[in-house]
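In: turn this into a model:
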Amino acid sequence: MTDARTMHRFSGHSHAGAHETTPVVELDGVPVTVSVDEEGSLWTCDLVGGACVERELELDAAGPEDDWYFESGLWDEDDPDEERPELEADAYEIASSLTVAHLYGRPVVVTGGGRFDLSHPDVEMMSGGMRVWDLRTGRKVGKTLTGHALGIASLTTVPSDQGLIGVSNCEAGTLLAWDLTHGGERIAEIKAGYNGALGAALVAGRPVAVTGGADSFLQAWDLRSGEQIGRNLTGIDHAAPAIGITEVNGRTLVVACGHDNALHRWDLATQEPTGSPMTGHTSGIQTLGTATVAGRAIAVTGSDDGTTRVWDLAGGQQIGEPFTGHQLQMVTEIAGAPVAVTQSSDSIRVWDLTLAAR
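Out: I've put the predicted structure just below:
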């Protein structure tokens, strides 16, 4: 039986690696899913025509720059005869987390490394790096961005009037923000929650990130100043796996899911909860996206219970019947229409949120 909300359905799109979601970006006018497999191949799959294209990542250029070797003690810059040790990139570890963006007018994929990404047998350290790759060619753009202890747990990007900002949160609880447009300069280093999720957006022209981790609260941060915005956002279970920032009726809301299977909302300006938690999932929510459909602010959630659900953020209610047997990957737009992209064991589907949010 065909669900009327389904716009497209494609089988054989099974190229995901260690990352948990498959983002979508427009490539040469066509919306494509983006993933990096365990061998380090970059895959794009056309969400309109269904064709998949494989490109090789430039793994030979994936290593860190000289500064990393100096700081880690692997190379003495004052010894002209010492040869720099080679660090072989592990394809599986490079793309532990993944997102997409546009940089210098071209589509790019941004990857976050796992805890064994930047490691060497001669030094006791584990660290994940952020890298930017040209989506068309697989070539690395700029340098490997280092500074995390352990692996990168989550990452995203925020377009701002001063350029594209990359934001990453690691297992050890450090949030780093980078100016990707101007050479990867680090603009913020913040002590955040361990092993947590990350959401970020431009709020009234200000880049803002919200983090959640091992504690039973979230924190909002001004990425330019590095300062926390107000007080902690409380009332949620620990280790929130997904966080979003959106606007509802002129207010900026933080939306997040906890391990109580519910969707929570806070007013960013007051840090106060907005309404009761929205319930309906019977297992943990793992993925989250937001959109505005016909002036109505909605959230879309994907859960371990095998359903993807749509929620009215103003009214605090579920909209319609859930999509069953599918895990939400991303909420985006295709040809100007808001859609949800979901994945099951055998296919990827694109759902028309204009119909789903009625």
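In: C-alpha only now, for contacts and for neighbours.
Out: Will do.
In: list the buried residues for stretch 149-164?
Out: Within stretch 149-164, the residues scored as buried using 16 or more other CA atoms under 10 Å are 149-159, 164.
In: can you check stretch 124-138 too?
Out: Buried residues in stretch 124-138, counting neighbours by 16+ other CA under 10 Å, are found at 126-135, 138.
In: end-to-end on it?
Out: In stretch 124-138, first residue to last residue: 31 Å (CA to CA, to the nearest Å).
In: can you check the pLDDT for the nearest residue to residue 122 once chain neighbours are set aside?
Out: What sits nearest to residue 122 in space, not counting adjacent residues and going by CA to CA, 6 or more residues apart in numbering, is residue 74, at 7.5 Å. Reading off the confidence values, residue 74 has pLDDT 83.
In: likewise residue 1?
Out: For residue 1, the pLDDT comes out at 43.
In: is the residue of the chain most remote from its centre in a helix, a strand, or coil?
Out: Largest separation from the mean C-alpha position in the chain: residue 81, at 42.5 Å (CA atoms, centre = their mean). Recorded secondary structure, residue 81: coil (DSSP: H, G, I helix; E, B strand; the rest coil).
In: what about the closest residue to residue 30 other than its chain neighbours, neighbour count?
Out: Counting by CA to CA, 6+ apart, residue 30 lies nearest to residue 46, which is 6.8 Å off, once chain neighbours are set aside. For residue 46, the neighbour count with other CA atoms under 10 Å is 19.
In: these two touch, right, residue 46 and residue 33?
Out: Yes. Using CA atoms under 8 Å, residue 46 is in contact with residue 33, at 6.8 Å.
In: how about the helices in the stretch 251-358 of the chain?
Out: With DSSP state H, counting those that start in this stretch as the criterion, the stretch 251-358 of the chain has helices at 353-356.
In: if I pick the residue nearest to residue 72 when sequence neighbours are not counted, what's in contact with it?
Out: Leaving aside its chain neighbours, residue 72 sits nearest to residue 123 (7.4 Å; criterion: CA to CA, 6+ apart). The contact partners of residue 123, taken as CA atoms under 8 Å, 6 or more residues apart in numbering, are 72-74.
In: how much space separates residue 123 from residue 147?
Out: 15 Å.
In: over to residue 238?
Out: Taking CA to CA, one finds residue 238 at 25 Å from residue 147.
In: compare the two and say which is more crowded by neighbours.
Out: Neighbour totals were compared for residue 238 and residue 147, and residue 238 leads with 19 against 16 (other CA under 10 Å).
In: so the more buried one: helix, strand or coil?
Out: Here residue 238 takes the coil state, with states given by three-state DSSP.
In: correct me if wrong: it contacts residue 211.
Out: No. Contact status for residue 238 versus residue 211: not in contact, 11.3 Å apart, counting by CA under 8 Å.
In: show the average pLDDT along stretch 116-136.
Out: Mean predicted lDDT for stretch 116-136 stands at 87.
In: burial of the residue lying closest to residue 161 once chain neighbours are set aside, as a residue count?
Out: Leaving aside its sequence neighbours, residue 161 sits nearest to residue 205 (CA to CA, 6+ apart; 7.6 Å). The burial count assigned to residue 205 is 10, neighbours taken as other CA under 10 Å.
In: ok, back up a step: which of the contacts of residue 123 are buried, as a ChimeraX select command?
Out: Here is the ChimeraX command that picks out the buried ones among those, judged by 16+ other CA under 10 Å:
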select :74
